[in-house]
Every structure is written in C-alpha cells, then in structure tokens.
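Novice: Build me a structure from this.
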Amino acid sequence: MKYMTILLLLAVLGFRPVQPELSLNDIQGKRHSLSDYRGKIVVLNFWATWCVGCKQEMPIFVDISKKYRDRGVVVLAASVDDETTKKYISRFSHSYKMDFPILLDANVDMMHELGLTDALPSTVFLDAEGNIVGRIAGTAKRKDAFERVEKLLIQPAAISNPGKLP
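Specialist: Below you'll find the model as predicted:
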C-alpha cells in the first residue's frame, strides 16, 4: 500500500521518468541524438581507446549488437577520447569489429547528466521510450549486460530502478 501511495503521489505531481537528450556526431560526421532511437532499446557505452576496462568489455557490446539488432536493440559507443588520442579511434573500432555508431566528443559532463560517475567505461540502458532504466559504472560483465537487454526485451520497465546505480 505504501508503494502505491508513493506512485500515485508521483503521478499527481507530474513525475516523469528520466528521458535524457544527448546529441553527438559519429566518425563519419553524421549527427546522432538519443531521441532518434525512440522505439528501440539503446545501450549507450562511454569508452576511450586508452581505457583497459573498455578493451575488456567492448566484445560484449559487439556481441549484444550482433545478437539483438534485429530485435530493436541499438548499441552506441560514445568515445571520450580527447584530441591527443582521437587518432586511435578508427584503429580501435576496426580491431574490435565495432559495427555500430561510434560517437565522438563525449565527455564526463555528459556522463554526469545521465547519472553516471567519472568511471570509464560506463554504460546506460534506455528503454524503447527513451527512459534510463539501468546503469553500469565500470567494466560491464557479460552475463549482467546480456540479462539487462533480455529483461528490456521481455519486460521493458522491469530492468531496474532508474534513480539508482544498480
């Protein structure tokens, strides 16, 4: 009963889930906005070419993209590389066979706006309505990442509490 009261109160006060906006160019210069992907599940990964954890987890996101793209899942890789390391992005993406959009010029402020810490790598999961429904601060584990995507495909609202870092 207590939870129903809280939910009712939030609804009356006009509480809306967090639907962040982020807009970055990819390596070909095409602009990508999170709102462009409404209707799809989005896995947004912040990474850098120099990040050891990013190298460990990138194969996970490549596999998620391959396995679930036909089911409406989009992986976006937002690079936080600066001018001194940007030159390595193309080699990194080819070596890990990243066949999803690689976004440039992401930064820690953008990560904070999405409720993340400064940790790299970090990942945000968005449901088909564009709501943040899960976060991973640090290196993702294969089982955890796949389970989150599966839960979104089966029960879109059941992945986690959007207000907390799971």
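Novice: Dihedrals phi and psi, the residue nearest the centre of the chain?
Specialist: With distances taken as CA atoms, centre = their mean, Leu44 lies nearest the centre of the chain, 2.0 Å away. Leu44 adopts backbone torsions of phi -110, psi 110, taken as degrees, to the nearest 10.
Novice: Tell me what it is bridged to.
Specialist: As for beta bridges, Leu44 partners with Leu76, Val124 under DSSP bridges.
Novice: ok, so what distance separates it from Ile136?
Specialist: Per CB to CB, to the nearest Å, Leu44 is found 11 Å from Ile136. Where C-beta positions appear, they are placed from N, C-alpha and C, glycine not excepted.
Novice: if I read this right, the residue nearest to the centre of the chain contacts Val124, doesn't it?
Specialist: Yes. If you go by CB atoms under 8 Å, Leu44 and Val124 touch, sitting 4.6 Å apart.
Novice: any idea how far Gly53 lies from Gly29?
Specialist: Counting by CB to CB - Gly53 and Gly29 are separated by 28 Å.
Novice: Same question for Ala106.
Specialist: For Ala106, the distance to Gly29 - CB to CB - is 16 Å.
Novice: And these two? Which one has more around it.
Specialist: Using other CB atoms under 10 Å as the criterion, Ala106 and Gly29 rank with Ala106 on top: 21 against 7.
Novice: hmm, back to that, mind checking pLDDT for the residue nearest to the centre of the chain?
Specialist: Per-residue confidence (pLDDT) for Leu44: 98.
Novice: One more: Phe15?
Specialist: The model's pLDDT for Phe15 equals 44.
Novice: Kindly report the same for the one 10 residues further on.
Specialist: The model reports Asn25 with a pLDDT of 97.
Novice: How about Glu21?
Specialist: Glu21 is given a pLDDT of 87.
Novice: neighbours of it, just the number please.
Specialist: Count around Glu21 with other CB under 10 Å applied: 9.
Novice: Low-confidence ranges, this protein, go.
Specialist: 1-19, 155-166 (pLDDT under 70).
Novice: residues contacting Ala78?
Specialist: 22, 24, 44-47, 103, 106, 110 (CB atoms under 8 Å, 6 or more residues apart in numbering).
Novice: Sort out which of the residues you listed are in strands and list them.
Specialist: Among the contacts of Ala78, the ones falling in strands (DSSP state E) are 24, 44-47, 103.
Novice: Quick check: closest non-adjacent residue to Leu34.
Specialist: Leu22 (5.0 Å; CB to CB, 6 or more residues apart in numbering).
Novice: give me every residue that touches that neighbour.
Specialist: Per CB under 8 Å, 6+ apart, neighbours of Leu22: 33-34, 44, 78, 110, 113-114.
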